[in-house]
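return atomic coordinates for the entry below.
(2 chains)
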Amino acid sequence: MSLGPYASFIVTSYLAVALVVIILIVWVIIDYRSQTQRLRALEESGITRRSGRSATDMR
Amino acid sequence: MGWTDLDPDQLSTTSFVLIASRDPRDYQDAMTLIDLANPTRFLALTARLLPWLAAATVILLAVGLYQTSLAPDDYQQGATVKIMFIHVPNAWLSMFVWGVMSIASLGTLVWRHPLADVAAKAAAPIGAAFTFLALLTGSLWGRPMWGTYWEWDARLTSVLILFLMYLGLMALWRAVDDPSRAARAAAVLTLVGAINLPIIKFSVDWWNTLHQPASVMRMGGSTLDKSFLIPLLVMAVAFTLLFLTLHLAAMRNEILRRRVRSLQMMQASQRAA
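Presented below is the predicted three-dimensional model:
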């Protein structure tokens, strides 16, 4: 597949999209881990929800 | 005190039963709404949906990229037409996400749905990222085709304004501590900002711009050849699925963040007592 004289513009575009999408995915995963860790730490210190259910319970 | 002032988890189902009609069928519909309004049920639904959505996104992106690699060069633009397959989906999504946020804002202001502002807040960074990519890929496409990275014409400027509005909304949410107060202010700003969507869409018709007119969603059908249209549509659906996956995951994170805040406030009040 030849990309012609403007290959650098095409490749840069695809790499930029891939990079930003990867950043979004990593951000969502790190944020999820951070929130669940904070919730577990709070529950371990004796702070629980009024319902008595675990704050990380997804069922 | 309205529903939005309450912790969504603490809303009793009786609040929603009050709005249900006496017709049993309507009551069943209301029960579905209750299920979706309950953050715990929403988290359970998200946990089930996310793996399937992620898998569908990966498969469709792979198919789209494969079709993109097979697409022929354009007779005028040559191989740079390949930028279209990522530029156009990002440009569509930049407006679609604001549309989703506008509907969520109505949910906050009119129906006071407990998850509406969670949906709007979670969508903003994703929408900002898609808008940034639309601007960047458009710029990289414009340089070889127009001879310039940037031109202050109606389409480019209105999309830049959309990007700045996304950043403004994100700043607003960070600036106000109370999520329910931030939600109402952000909802008003989002609905006002929605005026920009038709301006972006029709800017190429209303003003003379460097940007080409609509070639897919237009009266009289698409002007694109199937060899370009099919990969473009596959990529558009793949990016839409990517948005849905990221949005659901970000909404889940926002619900957990509010639980953290709620528990931290309980902890602070216990220490004070």
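
A:Leu3 against A:Tyr14, yeah?
No - between A:Leu3 and A:Tyr14 there is no contact under C-beta atoms under 8 Å: 10.2 Å. Backbone N, C-alpha and C define where each C-beta goes, glycine included.

now do the helices in chain A.
Here chain A has its helices, by DSSP state H, at A:7-44.

residue of it nearest chain B, please.
Going by C-beta to the nearest C-beta, chain B is nearest to A:Gln35 of chain A, at 3.8 Å.

roughly how far does that residue sit from B:Val188?
According to C-beta to C-beta, to the nearest Å, A:Gln35 and B:Val188 sit 28 Å apart.

settle it for me: which of those two has more neighbours?
Neighbour count, other C-beta atoms under 10 Å in any protein chain shown: between A:Gln35 and B:Val188, A:Gln35 has more, with 21 against 13.

poorly predicted segments of the stretch 151-273 of chain B, please.
B:218-220 (pLDDT under 70).

quick check: residues of it near chain A?
For the stretch 151-273 of chain B, the residues in contact with chain A (C-beta under 8 Å from any C-beta of the partner chain) are B:242, B:246, B:249-250, B:252-253, B:256-257, B:259-260, B:262-264, B:266-267, B:270.

between those residues, which is nearest B:Gly78?
B:Leu242 (27.9 Å; C-beta to C-beta).

who's in contact with the closest one?
A:Val21, B:Thr57, B:Leu61 (C-beta atoms under 8 Å, 6 or more residues apart in numbering or on different chains).

dump these to CSV, plus pLDDT, neighbour count and distance to B:Ser180.
As requested, the contacts of B:Leu242 are exported to CSV (pLDDT from 0 to 100; neighbours: other C-beta atoms under 10 Å in any protein chain shown; distance: C-beta to C-beta, whole Å):
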residue, pLDDT, neighbour count, distance to B:Ser180
A:Val21, 97, 19, 32
B:Thr57, 97, 21, 32
B:Leu61, 96, 18, 37
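
which one of those residues sits closest to B:Val159?
For those, the nearest to B:Val159 is A:Val21 (19.1 Å; C-beta to C-beta).

any idea of the angle the lengthiest helix in chain B forms with helix A:7-44?
If you go by DSSP H, chain B has its longest helix at helix B:226-272. In terms of direction (axes from the mean of the first three to the mean of the last three C-alpha atoms, to 10 degrees), helix B:226-272 departs from helix A:7-44 by 30 degrees.

for stretch B:99-118, which positions count as buried?
B:100-102, B:104-109, B:112-118 (16 or more other C-beta atoms under 10 Å in any protein chain shown).

show me how far that stretch is from its chain's centre.
13 Å (C-alpha atoms, centre = their mean, to the nearest Å).

now swap in stretch A:12-22 and tell me
16 Å.

and what of stretch B:92-105?
On C-alpha atoms, centre = their mean, the centre of stretch B:92-105 falls 5 Å from the chain's centre.

now do it: everything it contacts.
Under C-beta under 8 Å, 6+ apart, the answer for stretch B:92-105 is B:116-117, B:119-120, B:123-124, B:126-127, B:130-131, B:134, B:159, B:162-163, B:165-166, B:169, B:186-188, B:190-191, B:193-194, B:196-197, B:200-201, B:236, B:239-240, B:243, B:247.

buried subset of those residues?
B:116-117, B:119-120, B:123-124, B:126-127, B:130-131, B:134, B:159, B:162-163, B:165-166, B:169, B:186-187, B:190-191, B:193-194, B:196-197, B:200, B:236, B:239-240, B:243, B:247.

now, which of those residues lie within helices?
Those of these lying in helices (DSSP H): B:116-117, B:119-120, B:123-124, B:126-127, B:130-131, B:134, B:159, B:162-163, B:165-166, B:169, B:186-187, B:190-191, B:193, B:196-197, B:200, B:236, B:239-240, B:243, B:247.

report the separation between the closest residue to B:Ile161 other than its chain neighbours and B:Asn208.
Once flanking residues are discounted, B:Ile161 sits nearest to B:Asn196: 6.0 Å by C-beta to C-beta, 6 or more residues apart in numbering or on different chains. Distance, B:Asn196 to B:Asn208, using C-beta to C-beta: 19 Å.

perfect, that will be all.
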